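Visitor: Quick one: sequence plus predicted model below, questions after.
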Amino acid sequence: MSSPRHAALKKLIEQKTFSRFQDTGEERWIFDFRNVSMTKEFMDVYATAFFEAFPDKQTLQVCGLESASIPLLTTLVFSAETRNIRANGLFIRKGRKKHDLHKSIEGSPTQEPIILVDDILNSGKSVEKQIATLREAGLQVEAIFCLVRFRDTSFYDFLTQNGIRLVTLFELNDFQESLGVRNFENVRELQPLPFTHHWTFTTSPTSVNYKNVVPKSTPVMHGDTLLFGTDSGVFYCINKQNGSTLWTHTVRFGDKGKMIYSSPLVFNDIVYFGAYDGNLYALDAKTGKTKWVFMDADWIGSSPAVSTKNNLLYIGLEFGLWKKRGAVVALDPETGEERWRGQHTGLTHCSPYVSEKNNLLFCGSNDGIVRMYRAKTGEQLQEHTIGAPIRASFAEKSDGSKVAFGAFDKKCHIIDTKTLAISDTFETLEAIYSTPLWTGDTLFINSLDKFVYSYDTVHKKLHWKFLTRGRIFSSPALIKGSLFIGSNDGVLYKIDPTTGKELGHIQFPERIVGKILYDQETSRTYVPTFNNALHCITTATP
C-alpha cells in the first residue's frame, strides 16, 4: 500500500469499479472491473503492480478464466515485452468447446510454471476449477495474483497446502473506510475436502461426445473390476486397483455421435448394456466374450434392470416408428429370448425399475406416461400421464411402500405401491434428469435448477435445499452417513444429510454427470466425469 501506483489503483477501484444496487429488496454491492480493465489508465498501473510483485521473473506464463481475465492477460503479455520479459498467455474456457478441438485451455502452453490472474478472489472455487483443469493438462500453478481479496488469508490455506503462493494487492478491509465494506467471515463448509488421488482412467479427448450434456454410462463394480461404456463406443473392463484395461468391446456405430450411454448391469457373471446401434449386449464379465445380442431396437439409451425372483432382464427400447416409438421388454437373461413387451408411444430412454418386494415393474417414457406392470407377466396394471418426458429411473423406499421418480415437468412424483396412485409430488424450478434417493422418510432430489432438495415425505415439507454452481444430472449417493452430490460445475459436494450444510468439496476438471460409485471394501470412491474419465479417490472420513 506504500507504492504511489497502489494508491492510484486503489482510487481507480473506488471510483470506477464499485457499485451498489438493489436485488430482491436487498442492497448489494459489486466490484465490476470490466468498467476499467480495457482502459490505458488501468492497464498501466495494473501491469506495473504485477511486475513489482514478481521482480525476478524473466520468463513467465499467465493464465485466467474467461472472460474477466482476458483483458488482464492481454495487458500483461504486451507489457512484458516492454520490460524484456518473455511472457506466454493462456485462458481457460468456462465450458469446454463442444465442437472442433474440444479445448478447455486456449493458447499454447509451455512447461513454465503458471501464475493465475483474476480481478477478485472470494470463495476461491473458480481458482480451484482452474487449478484442476491445468493439472489435468500436466501444468503446474505456482502463484495466484488478484486485485481484491474478500476473505482473510487463512481461508485460502488450500493454496499454501498445495505449494501455491497467493499475492493480492488489496483486501476488503482496505476499503472499509471509503466504501463501507469489510472482509467476509470465514465459512468452514466452503473449504476443499482433503482426498487422496489413486488413479485416473482416461480415453482419447477426440473420442468424447461433448455435444450431449446428459448422464452417461455409470460404472458397475464386479469383483476386482469396474465395467462401463463410453460415448466413443468402447465398453471397458478395468482393474479397480490401478485402472489398467483388462478387456474392451467396441460398438461400431450409433446415432448422431451417441454410442453407449447405458449403465451396465452384472448378473450371474454376465454384463448387460444397451447401445445406440439399437442392440442390447450380453458379455462374459470376466473375458468380454459375447454371450448373445438382442437386436430389435433402433436405439437403446436405457439401462438394464433384473429381477432375481422372476429371472428376467428388462430394458427400455427406442424406435423410429410413428406412435410406436418406445417399449419396455423382458428377456431371458441367459438366452436373450423375449418373454414379454409393453409398447409405448414415446421413446423409452428411461431405465425400468423392478420392485422385488411388490413384484412390480415401473417404466417411464418420453411420451410423459409412467406405466406399471406385473414384473413376471408384463400385464399393465396402471399408468399416469405426467405430460413431460421421464428419462431417469425410480427409487424405492426401503419398506417397499413407495416409489419416487423425477420428470421434465419439474416435479418429483411419489407412487403408493399398494394403490399405484400418485400420492404426492414435490416441485422444483427445473426438470429432473436424475434418480432420487430415499433415506427413511426423507427423499433427496437433484434438479437441473442446480439445487439439491431434502423433502420430508411424511409431513410433506422441505427440510432444506442446497445450491451448487451447475445443473445436476448426477444422482445423489449416501456414503458413510454423508450425502455426496456431483454437479456440472465439476464439484463433488459432501453434505450433511440432516442439515444440508456443506462439509467439504472436491473440484474436478470436468462436469460430473453420472452417479459416483463407492467401494466399501477399499473405502475408495470412483467419480465418472463428462469426458469419459474415471477418477479413483479416497476422501477424508466423516
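Guide: It's in. Numbering: from 1, shown residues only.
Visitor: most centrally placed residue in this structure?
Guide: The centre of the chain sits closest to residue 512, judged by Cα atoms, centre = their mean, with a distance of 2.2 Å.
Visitor: Per-residue pLDDT of that residue, please?
Guide: The per-residue pLDDT reported for residue 512 equals 96.
Visitor: give me phi/psi at it?
Guide: phi -110, psi 100 (degrees, to the nearest 10).
Visitor: hang on, residue 514 packs against residue 472?
Guide: No - counting by Cβ atoms under 8 Å, residue 514 sits too far from residue 472 to count as a contact (11.5 Å). Every C-beta, even on glycine, is put in place using the N, C-alpha and C of the backbone.
Visitor: overlap in contacts of these two?
Guide: residue 486 (Cβ atoms under 8 Å, 6 or more residues apart in numbering).
Visitor: before we move on, the earlier item: spatially nearest residue to the residue nearest to the centre of the chain, not counting backbone neighbours?
Guide: Spatial nearest neighbour of residue 512, chain neighbours left out: residue 486 (3.0 Å); criterion: Cβ to Cβ, 6 or more residues apart in numbering.
Visitor: tally of neighbours for the nearest residue in space to residue 380 that is not next to it in sequence?
Guide: Of all residues not flanking residue 380 in the chain, residue 373 sits nearest, at 5.3 Å (Cβ to Cβ, 6+ apart). When neighbours are counted by other Cβ atoms under 10 Å, residue 373 registers 24.
Visitor: Report the rounded mean pLDDT for the helix or strand in which residue 373 is found.
Guide: For residue 373, the enclosing helix or strand under DSSP states H and E is strand 369-374. Model confidence over strand 369-374, given as mean pLDDT, is 98.
Visitor: From residue 81, how far off is residue 74?
Guide: As judged by Cβ to Cβ, to the nearest Å, residue 74 and residue 81 stand 12 Å apart.
Visitor: In terms of neighbours, single out the busier of these two.
Guide: Neighbour totals were compared for residue 74 and residue 81, and residue 74 leads with 16 against 10 (other Cβ under 10 Å).
Visitor: give me the element that one is part of.
Guide: Judged by DSSP H and E, residue 74 forms part of helix 69-82.
Visitor: List the buried residues for that helix?
Guide: For helix 69-82, the neighbour count (16 or more other Cβ atoms under 10 Å) marks 69, 70, 71, 72, 73, 74, 75, 76, 77, 79, 80 as buried.
Visitor: ok so, going back, okay, and the beta partners of the residue nearest to residue 512?
Guide: Beta-bridge partners recorded for residue 486 (DSSP bridges): residue 492.
Visitor: Now do it: how many residues are near it, please.
Guide: Count around residue 486 with other Cβ under 10 Å applied: 30.
Visitor: Residue 223 too?
Guide: 10.
Visitor: From residue 528, how far off is it?
Guide: Taken as Cβ to Cβ, the span from residue 223 to residue 528 is 19 Å.
Visitor: Domain map for the protein?
Guide: Residue ranges for each domain of the chain read 4-186, 190-213+420-542, as given by automatic domain parsing.
Visitor: residue boundaries of the strands in the stretch 51-200 of the chain?
Guide: Taking DSSP state E, counting those that start in this stretch, the strands of the stretch 51-200 of the chain run over residues 59-65, 86-92, 105-106, 114-121, 141-149, 165-171, 195-201.
Visitor: Could I get those strands in CSV, plus columns for distance to residue 235?
Guide: Below are the strands of the stretch 51-200 of the chain laid out as CSV (distance: least, Cβ to Cβ, whole Å):
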stretch, distance to residue 235
strand 59-65, 35
strand 86-92, 32
strand 105-106, 29
strand 114-121, 37
strand 141-149, 36
strand 165-171, 44
strand 195-201, 13
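Visitor: and the ones you listed as JSON lines, adding distance to residue 358 and mean neighbour count?
Guide: Output for those, formatted as JSON lines (distance: least, Cβ to Cβ, whole Å; neighbours: other Cβ atoms under 10 Å):
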{"stretch": "strand 59-65", "distance to residue 358": "50", "mean neighbour count": "22"}
{"stretch": "strand 86-92", "distance to residue 358": "50", "mean neighbour count": "20"}
{"stretch": "strand 105-106", "distance to residue 358": "51", "mean neighbour count": "17"}
{"stretch": "strand 114-121", "distance to residue 358": "54", "mean neighbour count": "23"}
{"stretch": "strand 141-149", "distance to residue 358": "54", "mean neighbour count": "22"}
{"stretch": "strand 165-171", "distance to residue 358": "57", "mean neighbour count": "18"}
{"stretch": "strand 195-201", "distance to residue 358": "38", "mean neighbour count": "15"}
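Visitor: okay, these in a markdown table with mean pLDDT and distance to residue 17 next?
Guide: Formatted as a markdown table, the strands of the stretch 51-200 of the chain follow (pLDDT from 0 to 100; distance: least, Cβ to Cβ, whole Å):
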| stretch | mean pLDDT | distance to residue 17 |
| --- | --- | --- |
| strand 59-65 | 95 | 17 |
| strand 86-92 | 95 | 21 |
| strand 105-106 | 92 | 26 |
| strand 114-121 | 95 | 8 |
| strand 141-149 | 96 | 9 |
| strand 165-171 | 95 | 11 |
| strand 195-201 | 93 | 37 |
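Visitor: Figure out which of the ones you listed is closest to residue 369.
Guide: For residue 369, the closest of these is strand 195-201, at 38.1 Å, according to Cβ to Cβ.
Visitor: Who are the packing partners of the closest one?
Guide: strand 534-539 (3 or more Cβ pairs under 8 Å, 6 or more residues apart in numbering; DSSP states H and E).
Visitor: at 10 Å what do you get?
Guide: strand 234-239, strand 502-507, strand 524-528, strand 534-539 (3 or more Cβ pairs under 10 Å, 6 or more residues apart in numbering; DSSP states H and E).
Visitor: which parts of stretch 452-472 are buried?
Guide: Buried-residue list, stretch 452-472, by 16+ other Cβ under 10 Å: 452, 453, 454, 455, 457, 463, 465, 466, 468, 470, 471, 472.
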